[in-house]
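In: my questions are about this predicted structure, shown below with the sequence.
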Amino acid sequence: MSELFDEVDEEVRREQLKKLWDRYSIYFIALMVLIVAAVGGWRAYQYLEAKKAAEAGALFEKAVELSEQDKHAEAEKAFTELAAKAPSGYRTLARLRAAAEAVSRDPKAAAKIYDDIAADGSVSAEWRDLARIRAAGLLLDSASYADMQQRLEASAAAGSTFRHSAREMLALSAWRNGDTTAARKWLDAIAEDGETPPGLRSRAEALQALLPPVAKS
């Protein structure tokens, strides 16, 4: 008798499953199609991105070769074109290299390119900081100390990646503009930082020796 009940239960389950399949099979098939399409689309996207990166890498290398051949105008053009269409990884590098190539043509124009990178919120903070340092280096001989302070004070803060370069440029700018108090401030920051590179520390000590002695109260 139990076997009969088992057969009846099995038949009931099959009937229920058949009804469920008849009712929801279209949704199940649609879901499977969507999953397959999504996987295929993701694979296609990965392939296209890898292809773009490879193409950008090849163009970047060609631009570097132009630079190494001292064809700076051509290199600048190549880097600028690459920056306009390359994937994000190469875009910032190409912009930085375009600015570097522009230095020989027009330092102020190069500084403007660096400034544009530094002001671009889509660029990582470290790259923006580097662009800020590069622009300041190009303008060090002509900019006022107030301008250099506005550009570099945040980069000179403790823990900043480029604080050593920023502090040195601020000290030099203050000295050249006759602000000995500010010069001493940055030279002291250089001296007190245990991670200051030896070469920079030596230059700071040499500059410190050029400053007039502190007046005694």
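Out: That came through fine.

In: SS state for Pro213?
Out: Following DSSP: H, G, I helix; E, B strand; the rest coil, we place Pro213 in the coil state.

In: tally of neighbours for it?
Out: 5 (other CB atoms under 10 Å). Where C-beta positions appear, they are placed from N, C-alpha and C, glycine not excepted.

In: now for this protein, the helix or strand with the poorest mean pLDDT.
Out: None of the helices or strands of the chain scores lower by mean pLDDT, DSSP states H and E than helix 2-68, at a mean of 69.

In: quick one: buried residues of the next helix or strand after it?
Out: Where DSSP states H and E defines the elements, the next helix or strand beyond helix 2-68 is helix 72-85. Neighbour-count burial for helix 72-85, with 16 or more other CB atoms under 10 Å as criterion, is recorded at His72, Ala75, Glu76, Ala78, Phe79, Thr80, Leu82, Ala83.

In: try stretch 90-109
Out: For stretch 90-109, burial by neighbour count (16+ other CB under 10 Å) applies to 90-103, 107.

In: burial count for Ala174?
Out: The number of residues near Ala174, taken as other CB under 10 Å, comes to 23.

In: so who does it touch?
Out: When contacts are counted by CB atoms under 8 Å, 6 or more residues apart in numbering, Ala174 is found next to Tyr145, Thr180, Thr181, Ala182, Ala183, Lys185, Trp186.

In: where's it, which helix or strand?
Out: If you go by DSSP H and E, Ala174 is part of helix 163-176.

In: send over that helix as CSV, restricted to the C-alpha atoms.
Out: Extracted C-alpha coordinates of helix 163-176, given in CSV (Å, rounded to 0.1, in the frame of the first residue of the first chain):
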residue,chain,number,x,y,z
ARG,A,163,56.9,67.7,0.6
HIS,A,164,60.7,67.8,0.3
SER,A,165,60.6,69.4,-3.2
ALA,A,166,57.8,71.7,-2.2
ARG,A,167,59.7,73.0,0.9
GLU,A,168,62.9,73.5,-1.0
MET,A,169,61.1,75.6,-3.7
LEU,A,170,59.2,77.6,-1.0
ALA,A,171,62.5,78.3,0.8
LEU,A,172,64.2,79.4,-2.5
SER,A,173,61.2,81.5,-3.5
ALA,A,174,61.1,83.3,-0.1
TRP,A,175,64.9,83.9,-0.3
ARG,A,176,64.7,85.3,-3.8
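
In: from the contact counts, what lies against the helix or strand following it?
Out: Under the assignment DSSP H and E, the closest C-terminal helix or strand after helix 163-176 is helix 180-192. Under the contact definition 3 or more CB pairs under 8 Å, 6 or more residues apart in numbering; DSSP states H and E, helix 180-192 sits against helix 163-176, helix 198-210.
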